[in-house]
Every structure is written in C-alpha cells, then in structure tokens.
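Q: Pasting the sequence and the predicted model now:
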Protein chains: 2
Amino acid sequence: MCAAGGVTPDPPLSDPGTVADLGEFGLIARITAGRELSPGTLLGPGDDAAVLAAADGRVVVTTDVLVEGVHFRLDWSTPHQVGRKAVAANLADVAAMGAVPTALVVGLAVPGRTPISTVDGLAAGMWAEAAQAGVGIVGGDVVSSEQLVVAVTALGDLQGRAPVTRSGARPGDVLGLCGRLGWSAAGLAVLRRGLPSPSARSPQAVVAAHRVPEPPYGAGPQAASAGATAMIDISDGLLADAGHVAEASGVGIGIDSAALPVASLLVEVASALDADARHWVLTGGEDHALLASFPAGVALPVGWTEIGVVREGRGVTVDGGEVLPRDEVLPAGWQHFS
Amino acid sequence: MCAAGGVTPDPPLSDPGTVADLGEFGLIARITAGRELSPGTLLGPGDDAAVLAAADGRVVVTTDVLVEGVHFRLDWSTPHQVGRKAVAANLADVAAMGAVPTALVVGLAVPGRTPISTVDGLAAGMWAEAAQAGVGIVGGDVVSSEQLVVAVTALGDLQGRAPVTRSGARPGDVLGLCGRLGWSAAGLAVLRRGLPSPSARSPQAVVAAHRVPEPPYGAGPQAASAGATAMIDISDGLLADAGHVAEASGVGIGIDSAALPVASLLVEVASALDADARHWVLTGGEDHALLASFPAGVALPVGWTEIGVVREGRGVTVDGGEVLPRDEVLPAGWQHFS
C-alpha cells in the first residue's frame, strides 16, 4: 500500500513497529494518505465529518461489526483478507436494498501491540474491496482496545428506485438467487478440520471463499430494476435468510433443491471431509449471495437462477415436502451469543 | 426502558440474565422495540439497511468508537451515561459541520456474560441522547466480543448550508466558543483522585459533566447560518483543536485567556485537588464545546463568546505571548496509543 509514502519518501524496509509506536494521528494518516475517493465525496477524511452527494434525496445506511476471534482469525486470514471481508459484508447489505454503494466510514479498535503491518494490510484490504464497488473510505475513527474490532458503515444511493425490502414478497412470485452458496461454510470446515486427503481437489478455492466473499454487488440494483419485490443478503444461510423474508413478508417460501447451485468442488470437499455439501448450501452463511423474489413472468436478470417460489402460508419448505420448523431453520444461520 | 415489553406482557422483576441468555435477535428486538424514529426515516431497523430522507441532496456522516476501559469505565459511569456519551460525541461532530443530525446507526460488540440490564441501560442512554437531537437509531449490529465496544455513526442534514470545515478560518476573523471547557477534565480528576475535602463545593456537577457531556447541538447550525468560516468540535481540548483549525486553515490563532469561561466551580475543585483550572480549560477534552471563526464585524450568535482572533502565521498563542510549540499543544489533547 502507498501508506505514509507521501510523508516519508524513502521508508525503511525493516519492521515498521507497532500501532503504539505510530500513535493515533500517524495511524490515521497512514490509512488515508494518497487514497482515491469517489466523485460523490464532497468532503473526505480529516474534518469532524464527511459530506457526500445524495442526489437521489435519500440515503441507504448499514453497519456491521467484525471482532477478532469471532468473525475472523488472523492465523486463518491475512489482514488484507479481513479488511476485504469486513467491507464486503456491508457493501452486500447496500446491494440487497437495490442500491449502489457511495461511501464507507470505518471505526477501528486496535491493541497498541498490533504490528503496523497488520493495520496496513487491513486498510489495504478495505480500500481494495471498496474500490471494487467504486467507493472510498471517507471517514473513521481509530482507538485503542484489547481486541481487534472493525466497525464498517456503508452508505448507498437508490438512484431513483424504491428500496427492495424483505417484506415485499407475494404469493406467486418466483424466488431468484445470484451468487455462491455454501462455499464459505466449506472453507471454514476445511480450516477447522484440516486439509482433506490429497486425492481430493484442492480446497483452496473454498478456503479463499471463506476468507474473502465475492458478493455480486451489481446484481442488487439489477434485480431492483427488474422489479424484484423483496431481497436479502444471504449472510446467515439460505434457509435462515429465506425465513427472514418469509416472516417479514408474511408468506411461505418453497425452495427447489434441484435448482440450487451445488458446485462439484463442494461435493468433493464434502466427500473428503465426510460432510454434507447440501447442508453447506442450505445453511452456510457469509457468502453474501443475494436472494430475491420477482413477480411471476418477469425474466430474471442475467446471472440470477430461479430456485423456488413464494406461496401463501409461512415458513420455508424444501422440495415441497416437510416444512422445516423454525427451530431447525434458525440455528442454521450464525447467531451471536448462542 | 420499554424493551421487550411488546413481546413479554408481564416481564419478571427478577434479574433478566445475561446477553448470552437472550441471544442476538432477542437483544436487537430489546434495543429497538417500541422506539420512535424521526420523520425522515423512510425505512428503519429490521432490513439489510435503513433508508433516510436526504432532501438537501447531500449527507453528513461521522463515526466514533468507544471502548470500555479506554473511553469509559462501568464502575465510574452507568451504562445509561455511557450510551448518552457515545451518541453525544457523534452528534457534536455533526453539529460542528453546521448540520442537523438525522439518524444514528450503532454497532455493539458485547461480551456474552454482560447483564441484559447493562445493554438495556446503554440502549436507553443512546436513545435518550438521540431524542435530545430529535433523531433515532435506524440500524445497527450486535455481536459478541471480549470487551464492550460501542461504534456509533451519525448522519446529518446541511439544510442547504455549506458545510463549515476546519480549513476556512481567515486572518482577521474572530474566534468564538459555545459550550463548556474543562468540566469533563475536572470530573475525571475527581474520579481519579477521589473526592476533594468536604469544605469544597460538591464536585458532582463536574463528575456529571465527565460522565455525560452537554454539547450545544443547536449552536452548530446557528453558527453556520451566521457565516462561520471554520468550526470544530472540541473533543481533544481547546489548544489541540484550535491547533487543528490553525493547521487546516493555514493560519495562526490567538486565544485571549481572560475571555475564556472559567467557572468558579472549576476553580474551587482545582483548589481542593491542588490542580490548575486554567489547564483544564485550555487542554481538557470531551466537553464537546464548539469552536468557530467568524468574519470580523459579524455579531456572534446568542450563546457564543468571543475568545480570540485568527491571524497570519501558524500555531496557537495564548494572550499574544509565547507561541506554544506543537509538541506542547498536541499532548494536551487525548491521543490513543500514546
């Protein structure tokens, strides 16, 4: 990363030290110096607050907190990967409203003993993922703590469209999916249980998916334009998040498991680990695919797959058969404190 | 607080247990249930993101992170006070741009062993302070952690005014102050050193000021309307924050110490503690007074006091005498990791 390059023309190649060595203002300069902000940034970092264009007359806002040891482990992911993941989770929430991200603000609580290289990597990862969505980090706060905590807030622009909430699904709608399912869960299983036998295909792709999700940011506004009636970011798992839509909309949702994308790689990794790929696909969180309902007869946008229907009733069924009771669906998604 | 009243009609009066007992979704319901949101909230908590009106076509955004043991101690402050303080710091930043707050989002990282009553108090305090500014908490995230961390993001509306940055002060401007100085520092000194002798006046007012600041929210938009050229929220201390304005504006700032408000209570508490009230006023942070520059000849708005001038040069002087070198000014304000 460019970091303090503007300040120190010839930075030493040796260990740059810890956060405590650099201090708060030095750290902020290092995170923000030389970065590019989006055109809608009317006032960027360095003042009491940032100012952003909101030409639409509305603004979308969402926030997520990631805690070391809970959401990520620095022995399983690089700081760069953690930074990307923290930002991706927020940008996916903006996309799930049908909005285009406009900016991020970031709160960073970091132990003084943390190597500067860790914060450099974290910041570079956040900027890299933000750049994928064409936005920048317009403000933030850096404080000391005992445990690394990353709090990201993302803002978005609806560009004149109505927000696509969780509550608009109607009986007769078709259910569409865009993005990966079960990959992060498979990657987590690999990290937890160790690598599968050498005969299996490389599980690196699923481990990478756990470390850095690849949400289909553009698919959110695309679905909104196509008339999506409800939409949600799948962060807790397909069944859990379909359940959230069903509950908010007062409808039932039927999933056709044959239509679900189960990558052959997942099947192979599952086989090597004696695990169930279908379970990962139905319940694994953190891939940040988008789930949306569309009026019947609407052609789903490119990249979207029809995976089920919305019907009268409540709850989520798979293959029209048994209704999964709430207490089987909910524990599927990650709940804190459980 | 109303809390889960809507869910449990007859809540037990006994200890409601810990956060781990309640779980993530129960905790979110408890924090948000039955609260009033501001009219500009087009979509509140419960979806992937919130949607707010931004009629001005711009949005102000700022974020702050408070960490237990660093920014607050639960043996010195109640959870309600911590909640108020966390929100106040952000709303003061919005005011310092000349904007009116519109909404908050809150990220809460909380150990599972935390009593629910602590989160109840924290949430009630946040809502209470938000209500003072006419806003609500439109979204958030609740996660588990080892240390209590509160990350607050505030949004604001410039109502057609230009944002008042730190960089607009011009030589010849007069320097104005609105709000208290040194009260929080005095309160912190009392908490650190124990109560002064019984002959002193009660230090409860300064302790209360440390626990909950009282930023003059309305004074920010008021100053902007009056033509303020630069403005800052005094969170790091008068000298440090005046230094930030001087540096951003490329000017010098001269403070007239005789014009500074030194409450007689501060003098008495200082005397009892063998401390220096003037030092608290010049360097104490966290009172969130507003400091602004105005063109010469402008009548300062009601509630504002003229405390100095902007001149050519750089740095901050007190009483036209010695220029305080940067390394004397900066340590005055709180820096993390120092």
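A: Here it is on my side, so go on. Numbering: from 1, shown residues only, chains lettered A, B, ... in the order given.
Q: So which residues of the stretch 101-250 of chain A form strands?
A: A:137-144, A:149-157, A:174-178, A:230-234 (DSSP state E, counting those that start in this stretch).
Q: and the third one, which strands flank it?
A: Yep, that's strand A:174-178 we're talking about. strand A:289-294 (antiparallel), strand A:305-311 (antiparallel) (DSSP bridges).
Q: tell me the most buried of the ones you listed?
A: Mean neighbour count (mean count of other CB atoms under 10 Å in any protein chain shown) peaks for strand A:289-294 among the strands paired with strand A:174-178, with a mean of 29. Bear in mind the C-beta positions are built from the backbone N, C-alpha and C, glycine included.
Q: what's it in contact with?
A: Outside strand A:289-294, the residues that touch it by CB atoms under 8 Å, 6 or more residues apart in numbering or on different chains are A:92, A:95-96, A:164, A:168-170, A:173-181, A:215-216, A:219-220, A:223, A:226-234, A:238, A:241-242, A:245, A:249, A:300, A:304, A:310.
Q: in what helix or strand does the residue most central in space within chain A lie?
A: The centroid of chain A falls nearest to A:A89 when counting by CA atoms, centre = their mean (2.3 Å). Here A:A89, judged by DSSP states H and E, is contained in helix A:79-96.
Q: Average pLDDT for that helix, rounded please.
A: Here helix A:79-96 scores 97 as its mean pLDDT.
Q: Which neighbouring elements make contact with it?
A: strand A:58-67, strand A:100-110, helix A:116-132, strand A:149-157, helix A:219-225, strand A:230-234, strand A:289-294 (3 or more CB pairs under 8 Å, 6 or more residues apart in numbering or on different chains; DSSP states H and E).
Q: could you dump that helix to CSV, C-alpha only?
A: Taking C-alpha atoms only, helix A:79-96 is exported to CSV below (Å, rounded to 0.1, in the frame of the first residue of the first chain):
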residue,chain,number,x,y,z
PRO,A,79,-5.2,-8.7,7.5
HIS,A,80,-5.8,-7.9,3.8
GLN,A,81,-8.4,-10.6,3.6
VAL,A,82,-10.1,-9.5,6.8
GLY,A,83,-10.3,-5.9,5.5
ARG,A,84,-11.9,-7.1,2.3
LYS,A,85,-14.4,-9.3,4.2
ALA,A,86,-15.4,-6.5,6.6
VAL,A,87,-16.2,-4.2,3.7
ALA,A,88,-17.8,-6.8,1.5
ALA,A,89,-20.4,-7.7,4.2
ASN,A,90,-21.5,-4.1,4.3
LEU,A,91,-21.5,-3.5,0.5
ALA,A,92,-23.6,-6.6,0.1
ASP,A,93,-26.2,-5.1,2.5
VAL,A,94,-26.4,-2.0,0.4
ALA,A,95,-26.7,-4.1,-2.8
ALA,A,96,-29.5,-6.1,-1.1
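Q: so what's A:V60 closest to, chain neighbours aside?
A: A:G156 (3.6 Å; CB to CB, 6 or more residues apart in numbering or on different chains).
Q: bridging residues for the one you found?
A: A:V60, A:P101.
Q: Would you confirm that it contacts A:R58?
A: No. Counting by CB atoms under 8 Å, A:R58 is not a contact partner of A:G156; they are 9.5 Å apart.
Q: Which of those two has more residues huddled nearby?
A: Neighbour count, other CB atoms under 10 Å in any protein chain shown: between A:G156 and A:R58, A:G156 has more, with 32 against 23.
Q: Let me see the contact set for the more buried one.
A: A:V59, A:V60, A:V61, A:T62, A:V94, A:A95, A:M97, A:A99, A:V100, A:P101, A:T102, B:A49.
Q: Quick check: A:V152 touching A:A92?
A: No. Taking contacts as CB under 8 Å, A:V152 lies outside contact range of A:A92: 11.4 Å.
Q: got JSON lines for the strands of the stretch 101-250 of chain A, with distance to A:A123 too?
A: Output for these, formatted as JSON lines (distance: least, CB to CB, whole Å):
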{"stretch": "strand A:137-144", "distance to A:A123": "8"}
{"stretch": "strand A:149-157", "distance to A:A123": "10"}
{"stretch": "strand A:174-178", "distance to A:A123": "29"}
{"stretch": "strand A:230-234", "distance to A:A123": "24"}
